[in-house]
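*Asks:* Pasting the sequence and the predicted coordinates here, then a few questions.
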Amino acid sequence: MYEGDTPNAERRAAALSLDRDLLRELLGQEELRDLIDPDALRRLEDDLQHRSPRTRAETRDALHDVLRRVGDLRLAEVAERILPGLDAESMLLQLADERRAVRLRIAGEERWIAADDAGLYRDALGAVPPGGLPEAFTADVPDALEKVCARWAQTHGPFTTAEIGERYRVDVTAALRALERGGDLVRGELRPGGCEREWCDPEVLRRLRRASLAVLRKEVEAVDQRRLAGFLPSWQGVDRHPPTGAGVDRLREALVPLQGLALPADVWERDVLPRRVGAYSTTWLDQLCASGEVVWVGAGALGRNSGKVALYFREDAALLGPPGTKGTVPFIETQHSLLRERLAASPCFFTDLLAGLDLAPEVLQEALWDLVWAGEATNDAFAPLRAPKLTLARAKTASSQRTARRRFGTRRPGAQAPVQGRWSLTESLFAGADADPSPRRRAWAELMLERYGVVTREQVLAEGFPGGFAMLYDALGQLETLGVCRRGYFVEGLGGAQFALPGAVERLRAQREEGDGAAVVLAATDPAQPYGAALSWPKRRDDERKRPARAAGAYVVLVGAEPVLYVERGGKGLQTLADAGDARLRTAFEALADFVRAGRIKKLDLEKVDGENVVGSDLEPLLVELGFRVSPRRMTLTA
């Protein structure tokens, strides 16, 4: 029922594992065209034809054996079947002098055959053998044309009637059908890329199936972790879209799989959304929030000036529930209780809160942001998150000035970003979320599959989902039963139970090999950057430095899907994650410089590299070449 959802490699391998008679019964005929591996077919044909390096003739005796196995060959074809540096013509002439090879005219051209096949080709094709051969070599051969066709089949892959007919310029249809009746040939849709049914020797077909199955079984083996790191940016659409066409609709599409993900507030608009939309304007997210489509919920403070937030579509919030990394609930203090009571009555503008609560503006603001980072309060605008801790001293001063002067005779400034929009409690967004956990687990299982393509235990733990991978395991198993995803071992070293969408498995296995040195710069906290979450950070030999972290404002440069540079928050420190002298370091620094020039990072003020002063280091000439300006203590690159 769900055969079409099975990854292509597994489906082909399973079909090739069937007995040939059973396969014919299931398919009506041996329709193996889509199952045979083209490279396996090419290698097998080279072996059968003695064209592969290990089967080429090294001596005159070996060449004689090749003629006996393969049959008639042109001089150029003989040259393809001996080792480089040997003279095909002289070897054939020596075999002719020894009466071990003869030259015949077949299909209007000269070809060489083994001398003991002279009678066979005479009776099959009417080729006149030279004189002087032993009588045994020229004796009558019954069913000669069938024997020539059988030899052709034994030394070739699947072939058509026209191909062998063109080779010998005779009608071989009757001979081929006779061989089929005797079980010496099978017919079916066998050759990849073919358009008609072909003939094949049964033993050749068995070897071809075994070779193809070996290739496919290697394909279904778990890929190394580096391929996952190369797969995720592509799967999540990082840098997929050009700036043209960007807008609210594309932003809405990019937000769907990112729901419930807790990230630093500034990272959303600086690093995550612009890379998935192609171009970005803060007004697009403001529009989605103001319309009520998108809501944000705090998920823990990061110091005093920022914190993590998760984005939801309002219609999905109750099903998904609050973010898994929900912040610590603040102490039950008077200002928090008063604020909860007021917001429970109705959503309020900040000025309403100032008027309705007997609290100093600074105290009110601190209490409000405590509730925000605890996941209890939110706003219908995104603007407050862009500057959450700006002081209210200006507003307080302006208010006192208006009371001292004429209230209606002065020009008033607009509301500051931290106080824009209406504040409300998040309780109503998640009403009923805990009634039955099964739908929520099912929704999160689907969301994780859409976000990552391949879901592993490590990724679920990094997301901070309550209960971890065990809580989602049954839901993922149900999706497998429905044919939505597949269970398997897709990425080595990440646990035995992994779940993936079929299309994701194909793309994961199709990732380019390690020789691809493409570089990409990602925020350390970007969900498309798996190091420090699903994957461990690499460690240099004899390196005792502190490992990198998924910190807000930090960046990672991947080259060939492996981390090579780690830019610390603030851009003053940098760690190299590859050994000194590694050629990838230059590629990584070039990508980082391009990233800055493109305006993704406003400025880099490098002071330390691997804990040492960058000025006077071995990397200084490279950085100068890339456009960094040197000052006494730092090297600077600006957008």
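*Replies:* Arrived safely.
*Asks:* So in this structure, where's the weakest helix or strand by average pLDDT?
*Replies:* Lowest by mean pLDDT, DSSP states H and E among the helices and strands of the chain is helix 393-404, with a mean of 42.
*Asks:* Just give the strands next to the next helix or strand after it in its sheet, each with its orientation.
*Replies:* Counting by DSSP states H and E, the element after helix 393-404 in chain order, helix or strand, is strand 422-425. Sheet pairing of strand 422-425 (DSSP bridges) gives strand 348-349 (antiparallel), strand 377-379 (antiparallel).
*Asks:* Secondary structure element for the residue nearest the centre of the chain, which one?
*Replies:* Centroid check for the chain by C-alpha atoms, centre = their mean gives residue 231 as the closest residue, at 2.2 Å. For residue 231, the enclosing helix or strand under DSSP H and E is helix 225-235.
*Asks:* Need the outlier residue of the chain, farthest from its centre.
*Replies:* residue 132 (67.8 Å).
*Asks:* if I pick the residue nearest to it when sequence neighbours are not counted, what's in contact with it?
*Replies:* Leaving aside its sequence neighbours, residue 132 sits nearest to residue 99 (C-beta to C-beta, 6 or more residues apart in numbering; 7.2 Å). C-beta here means a position set from N, CA and C on the backbone, and glycine is covered the same way. For residue 99, the contact set (C-beta atoms under 8 Å, 6 or more residues apart in numbering) comprises 115, 132-134.
*Asks:* Identify the farthest-apart pair in the residues you listed.
*Replies:* Maximum pairwise distance among these (C-beta to C-beta): 9.9 Å, between 115 and 132.
*Asks:* circling back to that earlier point, among the strands paired with strand 422-425, which is nearest residue 173?
*Replies:* Closest to residue 173 of the strands paired with strand 422-425 is strand 377-379 (C-beta to C-beta; 78.9 Å).
*Asks:* Which residues outside that closest one are in contact with it?
*Replies:* By C-beta under 8 Å, 6+ apart, strand 377-379 touches 295-298, 339, 343, 368, 371-372, 385, 420-426, 429.
*Asks:* got it, and stretch 73-81?
*Replies:* 49-51, 56-57, 63, 66-67, 70, 88-89, 91-92, 109-113.
*Asks:* and these, which are buried?
*Replies:* 49-50, 56-57, 63, 66-67, 70, 88, 91-92, 111-113 (16 or more other C-beta atoms under 10 Å).
*Asks:* now the stretch 501-639 of the chain, which segments are flagged as low pLDDT?
*Replies:* For the stretch 501-639 of the chain, the stretches flagged by pLDDT under 70 are 512-516, 540-544.
*Asks:* Which stretches in it count as strands?
*Replies:* With DSSP state E, counting those that start in this stretch as the criterion, the stretch 501-639 of the chain has strands at 519-523, 555-559, 562-567, 573-576, 603-606, 608-609, 612-613, 629-630, 635-638.
*Asks:* The helix or strand just after the helix holding residue 231 packs against which elements?
*Replies:* Proceeding C-terminally, helix 225-235 gives way to helix 248-255 as the next helix or strand, assigned by DSSP H and E. Judged by 3 or more C-beta pairs under 8 Å, 6 or more residues apart in numbering; DSSP states H and E, the packing partners of helix 248-255 are helix 273-277, helix 282-290.
*Asks:* just checking, which of the ones you listed sits deepest inside the structure?
*Replies:* Highest mean neighbour count of the helices and strands packed on helix 248-255: helix 273-277, a mean of 23 (counted as mean count of other C-beta atoms under 10 Å).
*Asks:* same for that helix, what does it pack against?
*Replies:* Under the contact criterion of 3+ C-beta pairs under 8 Å, 6+ apart, helix 273-277 touches helix 248-255.
*Asks:* ok, the residue nearest to residue 593 when sequence neighbours are not counted - contacts?
*Replies:* In this structure, residue 593 finds its nearest non-sequential neighbour in residue 626, 4.3 Å apart by C-beta to C-beta, 6+ apart. Going by C-beta under 8 Å, 6+ apart, residue 626 touches 589-590, 593, 637.
*Asks:* quick one: which two of those are the most distant?
*Replies:* The span of these, defined through C-beta to C-beta, is set by 590 and 637 at 11.8 Å.
*Asks:* pLDDT weak spots in this protein?
*Replies:* In the predicted model of the chain, residues 1-32, 216-220, 325-332, 388-419, 433-435, 512-516, 540-544 satisfy pLDDT under 70.
*Asks:* gap between the longest helix along the chain and the chain center?
*Replies:* Longest helix of the chain, by residue count under DSSP state H: helix 202-219. Distance of helix 202-219 from the chain centroid (C-alpha atoms, centre = their mean, to the nearest Å) equals 27 Å.
*Asks:* ok, and for stretch 494-509, which residues are buried?
*Replies:* Under 16+ other C-beta under 10 Å, the buried positions of stretch 494-509 are 494, 498-502, 504-505, 507-509.
*Asks:* which ones among those residues are found in helices?
*Replies:* Going by DSSP H, the helices hold 502, 504-505, 507-509 from the buried residues of stretch 494-509.
*Asks:* need the residues you listed in CSV with distance to residue 173, can you?
*Replies:* Putting those into CSV (distance: C-beta to C-beta, whole Å) gives the following:
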residue, distance to residue 173
502, 43
504, 48
505, 44
507, 46
508, 47
509, 42
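*Asks:* which one among those gets closest to residue 349?
*Replies:* residue 504 (45.0 Å).
*Asks:* Excluding sequence neighbours, find me the nearest residue to the closest one.
*Replies:* Per C-beta to C-beta, 6+ apart, closest to residue 504 is residue 453, 3.1 Å.
*Asks:* Quickly note the distance from that neighbour to residue 90.
*Replies:* 60 Å (C-beta to C-beta, to the nearest Å).
*Asks:* Neighbour count for the two, which is higher?
*Replies:* Between residue 453 and residue 90, counting by other C-beta atoms under 10 Å, residue 453 is the more crowded of the two (24 against 10).
*Asks:* need the contact list for the more buried one.
*Replies:* By C-beta under 8 Å, 6+ apart, the contact set of residue 453 is 231-232, 235, 500-501, 503-504, 507-508.
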